[in-house]
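Enquirer: pasting a predicted model and its sequence here:
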Amino acid sequence: MSYENIKKIAVIGAGAMGSGIAAQAANAGYDVVLLDNRPTGAQDAIDRMKKAKPTDAFNAGFMHPSNARRVTPGNTDEHMGLIADADIIIEAVFERLDVKQNVFRAIYDHAKKDAIISSNTSTIQLEKLTDSMPDDFKARFVNTHFFNPVRFMHLLEVITGDKTTPETLRTITDFGDRALGKKVIKCKDSPGFIANRIGIYAMEVAAREAVSQNMVLPDIDALMGPAFGFTNLGLFKLADEVGIDIINSVRTNLMNALPADDEFAQIYNGPEMLDQMIADGYTGRHKGKGGYYRIKTDENGDPVINDKGKKVFEAKNLTSDTYETVDKTPFHKFNIKKHGGFQAFFESEKPGARFAWTVLRDTILYAMNHAEEFAYDTQSVDDAMKAGFGWKWGPFELVDQFGVAWFTQKMKQDGLSVPAILEKADGNPFYRTEGGRLEVMDFSGAYVPVRREEGVIRLEDIKANSTPLVTHNSASLWDIGDGVVCLEFHSEQNSIDPSILWVINESVKKVKESNGQYQAMVIYNDGERFSLGAALPLVQVFMNASQHPFLKAVGLGRYIENKTYDFVQHLVYQGQSVYSALKYAPFPVIGAPKGTPKNMAMGGGCEVLLHCDALQAGPEQIMVLPEAGLGLLPAWGGSTTLLDRAFKKAGQPGGPMPAIIDAAMAITQPMTAASTSSQDAKRKMWLRPDDGISMNPDRVLADAKARALAMAPDYAPPSRPTFFLPGASGKAAIRMNVDSLYLKADDPSKGVNHIDVAVVDHIASVLTGGETLNKDDISVHTVAHHDRLRQIMDERGENRIGVNPVIELTEDRILQLERDHFLDRFRNKTTWKRIAYTLKNNVPLREDRLDPAPTPASIREKIRHDDLPRKSVTGAPLTGDDEKILRAMADMTTEFYAQKRQRSLGGKVSQGLNTLGAVKKVFGLS
Amino acid sequence: MHNQAVIVDYVRTAFAKASPPGSGKAPGRFADLDPVDMQVPLINAMLRRTGLDPAHINKVLTGAVHQEGTHGLNIARLNVLHEECKLPKEVGGTTIDRFCGSSMEAIALADALIGRNPEHFYICTGVQSMSQVPMGGLNPHLCPQVHSGNAAGFMDMPATAENLAQKYGIERTEQDNFALRSHSLAAQGQDNGHFKNEIIPVKGLDYDDGVRRDTTAESIARLNPIKAAESGGTVTAANASQMTDGASAVLVTSALMAVRHKLPVLARIVAFGESGCAPEIMGIGPVDAIKDAFNKSGLSMQDMDFVELNEAFAAQSIAVLRELKNQGMQIPNEKVNVDGGAIAMGHPLGASGARLVGHVAETLRRENGRYGLATMCIGGGQGVAMIVENPHYKPAP
């Protein structure tokens, strides 16, 4: 059975794992049979996953609920016949040898003779599982160890037996990697395989040290977070997230399977505490009352609310049965650099230093001492921890981070024996770049090339081996071979700033002027976030400076405020221009957001993707335009492109309003419009029907490059869209709807409030084409009948005509409206409040309702609208003064980040003065 | 009175729960039916039942709201052009939109036309596929001066009901009880065969599938109000009329023609009343419309044996009943909506008016009543009311 011929998957066992695997196979487009031993177990599991909220990671197995259609439920008593034409059959039943053996015999009786069979066991040795089965079964058998939740966990550990054929391994590896999108790592047949063995050990050490060093959980989780390459959940919050019940069962299984002299067995603290937690209902966050952490409740069971209006959290005291209120932790946003780096911190007597060192040291030692038992090579160990537990560095990479020689020395100081592999390393790093190639030290101590899955292109490999074609503070352009370039963002959160815009502008020119050397562009990055949108902190520096008491006192506040508006006005025009330059460039541009879980393309980061000729997205891309929540609107062409897409959407009813309403919903209701997976994005206009989805994020870059190369020959840029819009009557209809939403919603945290009424009014103006056209606008903003339109105005003696569906409007018209109304909103101080609040709290500000509530009409009376000077977005890169201003703003960005990094300037006054300097630098030119 | 308009026959389709576009509701029984496909069986059935030569029909008058999509292109005339319609191509068609009052307006128009053309026959239909064209239409835009000249949310129907609930102090439980009454009376009506004569099965559906015969006060109380309860919301999906697909039809001619063609007479049209009011309390519209009808007919509420009051919302219906009582026109409970109303069987906008008129006439005949009143509120702030008389009425000896 080869990978290409796989059509149908069968999964036996509809528990958490089985149903998750079935859902992921359905997500990949296969027909799936899901059988359970309970009569309606499979149907119940499908219903549970179908109905789950998208945020409920443990239950939302389907990337879109409609994928449930691909899964046929059944039970093992009556429906084993359904597996007769299955190409892969995955067993995920109860972890008991005899139960599994019975299932295998039933599979053997019903399945076709070339079907591949796998078990999802995490504890039973493969040899024991299959010893009663004939050889032709063993040849087609592997162990596939998925992680829960299957859809989101990247790791798939694969274990083969003596008789497993290479073809079976190859097929299951391709299936796991390409179809299910997993990082497939071949492991040896030993208890816990790689990831759980090390990861669970780390948690056990942390629990032990927590008790012995008297550390509280919130401190541990803050300390053992991103600073050491762990997720920002730390260790115990992660356990809550995974599920205390799951963690405990893996611990118990490990304990039972490992020899008594294994270090894990020696520090194993017994199941009692977790058993008690589970019995009390503290099974972790995905179900039950909480876990290590819970929400504090009063005697009635209602959440306790503190004086800031927030819920109060409590964390478990590991040495007693009590929960204690979570206070502010000294390790909040713990930054190792502030402590002089790893070595200095570990050598210090600072709080947390001994704890972090002990936990990391013991975990690394455990991994190194046992690696050869469970892994085929060092790289597998690191890869498994990264894919399975979300670590940034695996154990060997961590030691590289610390310094191999120092680590070895420090261990010796601690009186511990040095593992063999560390001896072999002899102070050399485990990873090195040699001749432009990344190499890793193997168990033998020799360097071997870092292994890459066939067909995978890694930007890190390219970067290690070349210099960028274009680069600036926040973005770079790389040659990824075959005439394709890759535009990479690398600013903080990949937020879009003038530096990125300048690189885009420069890159378009570079490719254009390369005389065919470069034929296509891919926009891709390896960041946790594709891009969080426009770099608001940069703008906020100006905003803050203009409001600074000192600068206000000396009369500069107003000046800076006006310059802030100038700055933003430039920024909006620049973004529109360079995004348009991408869209109308004479070469294809492929947007390639990686689509790892929780990967976001927000605001300006979403808009850059909306301007690409095609997208090739990873599986879980979140795309959203959240500007309305900030009191703004998408003005880097986002409103315009969405409107265009809405009009071109198949099945759209006639007339202008359905499309306008679609676009308005996407913009004004970001919470519901945000995509929850890339398949969901396809149904929400973020992806077009022809856009591609790569199930494996690791393959996005290669797939995008292939797509670019396929499009490059005979490529012609898209024609600029035109619009037939209703003008004021359409806006009135939107107002009518907003009125009722506003009047209905009294809860300011939900519903439409008085600020939203104004924001939506501006958005409605953009999407309905504006209310009137004047004579000056006609030639640029309308497509035809210019003379007739002017004649009508003359005959009426008016310099305006109402926008209506017989007037064909240009893309430039809508872009101008975006800029006009964006600035209207940005000039409003309520917007400043929203921006400041959101940057500080990471959630949008919901203003208190006014009492008495103003009428919608009185809210609209106060709306201020100004037409900005008319400028055209040409679809070509910026040149001349526009380009110079962009470059100056880009350089200012670099300075801003440098200052922010140094934080040497301290006082707010000097910060303000610095800003003034920046303002002068930028606007000295204009 | 040779030019006295009479209703010869009344039929309707069953009313089927609608699945408006984007609502995510499972497709309704009639979701795929073109509104013309709902009306033509009714027209043919009336011709069959009365034995009237189709060549005598002069015009089809159709009430339909949101005349776009499948409701567009002068749907009255489309009925005639339908390949299965028994009417000859010479029959004209005029489509009428008075929102919820559309098909009652069609009957009123026929009544007026009979005055001038006593030899004429008119088929009055009403239709709405709320599955195919949602409330507000597929492509809503409106004159900005209309929007700015009216109270906020003037076209938000649940909000107008909420306004009345507030104005008349109508509690949630009162509304829920009214809804429960509607469902149980409709279920009784079904059990007693009270719809048997009027429902023409289409696509096999011969009963109103929105009627929840097993519903309870508790289950109705469980629904969340459309406007948050904390902020005083009382109107829920369960105490409002249901979105429904359906059609209704009556055959109108003069008493003279009924005698000449030996046609049975179901009812005599006595008077048509109409009114306007503030859009934000549109639900109160029936009160003044009823007064108008009484003024025109010289009758009073005491003369009415049965009343069909369209249940757009429970709050709205209760407000109308209360205001009528305040003005000395109390309707005894046992005379109102004796077979339930739109909360149970649904409110296919264009079709409801003819149903109310037709059903009150059916009830009069069945129960030997003399005068009946059909009345309804209209979005945007109007009311209509029609009084009919049972020609077969026999005073108690």
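Expert: Looks like it came in fine. Numbers count the residues shown, from 1 in each chain, chains lettered A, B, ... in the order given.

Enquirer: where do the strands sit along chain B?
Expert: Applying DSSP state E to chain B gives strands spanning B:5-12, B:16-17, B:59-64, B:92-96, B:122-129, B:244-254, B:267-276, B:304-309, B:371-378, B:382-389.

Enquirer: and the gap between A:His570 and A:Val508?
Expert: Plainly put, A:His570 is 19 Å away from A:Val508 if you go by CB to CB, to the nearest Å. Yep, even glycine has a C-beta here, placed from its N, CA and C like the rest.

Enquirer: how many residues are close by the residue in the stretch 551-700 of chain A positioned nearest to chain B?
Expert: Ranked by CB to the nearest CB, the top residue of the stretch 551-700 of chain A for proximity to chain B is A:Gly655, at 3.0 Å. Residues near A:Gly655, counting by other CB atoms under 10 Å in any protein chain shown, number 19.

Enquirer: just give the nearest non-adjacent residue to it, would you?
Expert: Nearest residue to A:Gly655, sequence neighbours excluded (CB to CB, 6 or more residues apart in numbering or on different chains): B:Asn139, at 3.0 Å.

Enquirer: same check, this time on A:Trp391
Expert: Sequence neighbours aside, A:Met385 is the residue nearest to A:Trp391 in space, at 4.6 Å (criterion: CB to CB, 6+ apart).

Enquirer: how many neighbours does the one you found have?
Expert: Neighbours around A:Met385, by other CB under 10 Å: 27.

Enquirer: now do the contacts for it.
Expert: A:194-195, A:198-199, A:391, A:393-395 (CB atoms under 8 Å, 6 or more residues apart in numbering or on different chains).

Enquirer: filter those down to just the ones in helices.
Expert: A:195, A:198-199, A:395 (DSSP state H).

Enquirer: quick one: pLDDT of the nearest residue to A:Ile814 once chain neighbours are set aside?
Expert: Spatial nearest neighbour of A:Ile814, excluding adjacent residues (CB to CB, 6+ apart): A:Thr640 at 4.3 Å. pLDDT for A:Thr640: 98.

Enquirer: likewise for A:Gly907?
Expert: On pLDDT, A:Gly907 comes in at 50.

Enquirer: lowest confidence element among the helices and strands of the chain?
Expert: Just so you know, I chose chain A. Least confident helix or strand, chain A: helix A:908-923 with a mean of 61, by mean pLDDT, DSSP states H and E.

Enquirer: wait, chain B
Expert: helix B:144-148 (a mean of 92).

Enquirer: which residues does that one contact?
Expert: Under CB under 8 Å, 6+ apart, the answer for helix B:144-148 is A:728-729, A:731-733, A:735-736, A:857.

Enquirer: apply 6 Å and report the result again.
Expert: Under the criterion CB atoms under 6 Å, 6 or more residues apart in numbering or on different chains, residues A:728, A:732, A:735-736 lie in contact with helix B:144-148.

Enquirer: chain center to stretch A:121-138, what's the gap?
Expert: 38 Å (CA atoms, centre = their mean, to the nearest Å).

Enquirer: send me it as PDB with only the CA atoms.
Expert: Extracted in PDB, the C-alpha atoms of stretch A:121-138 (Å, rounded to 0.1, in the frame of the first residue of the first chain):
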ATOM      1  CA  THR A 121      -0.600   2.400  22.400                       C
ATOM      2  CA  SER A 122       1.700   4.400  24.500                       C
ATOM      3  CA  THR A 123       2.700   1.800  27.000                       C
ATOM      4  CA  ILE A 124       2.500  -1.800  25.600                       C
ATOM      5  CA  GLN A 125       5.600  -3.100  23.800                       C
ATOM      6  CA  LEU A 126       5.000  -3.700  20.100                       C
ATOM      7  CA  GLU A 127       6.500  -7.100  20.300                       C
ATOM      8  CA  LYS A 128       3.900  -8.200  22.900                       C
ATOM      9  CA  LEU A 129       1.100  -6.700  20.900                       C
ATOM     10  CA  THR A 130       1.600  -8.700  17.800                       C
ATOM     11  CA  ASP A 131       3.300 -11.900  19.000                       C
ATOM     12  CA  SER A 132       0.200 -14.000  18.400                       C
ATOM     13  CA  MET A 133      -0.300 -12.600  14.900                       C
ATOM     14  CA  PRO A 134       0.900 -14.100  11.600                       C
ATOM     15  CA  ASP A 135       4.000 -12.600   9.900                       C
ATOM     16  CA  ASP A 136       2.000 -11.000   7.100                       C
ATOM     17  CA  PHE A 137       0.200  -9.000   9.700                       C
ATOM     18  CA  LYS A 138       3.500  -8.000  11.500                       C
END
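
Enquirer: not counting its neighbours along the chain, what's nearest B:Gly283?
Expert: Here the residue nearest B:Gly283, using CB to CB, 6+ apart, is B:Gln316, at 3.0 Å.

Enquirer: ok, the one you found - contacts?
Expert: By CB under 6 Å, 6+ apart, the residues touching B:Gln316 are B:161, B:164, B:283.

Enquirer: how much space between it and B:Gly341?
Expert: Taking CB to CB, one finds B:Gln316 at 11 Å from B:Gly341.

Enquirer: ok, now B:Val307?
Expert: Counting by CB to CB, the gap from B:Val307 to B:Gly341 is 11 Å.

Enquirer: who has more neighbours out of these two?
Expert: Neighbour count, other CB under 10 Å: between B:Val307 and B:Gly341, B:Gly341 has more, with 30 against 25.
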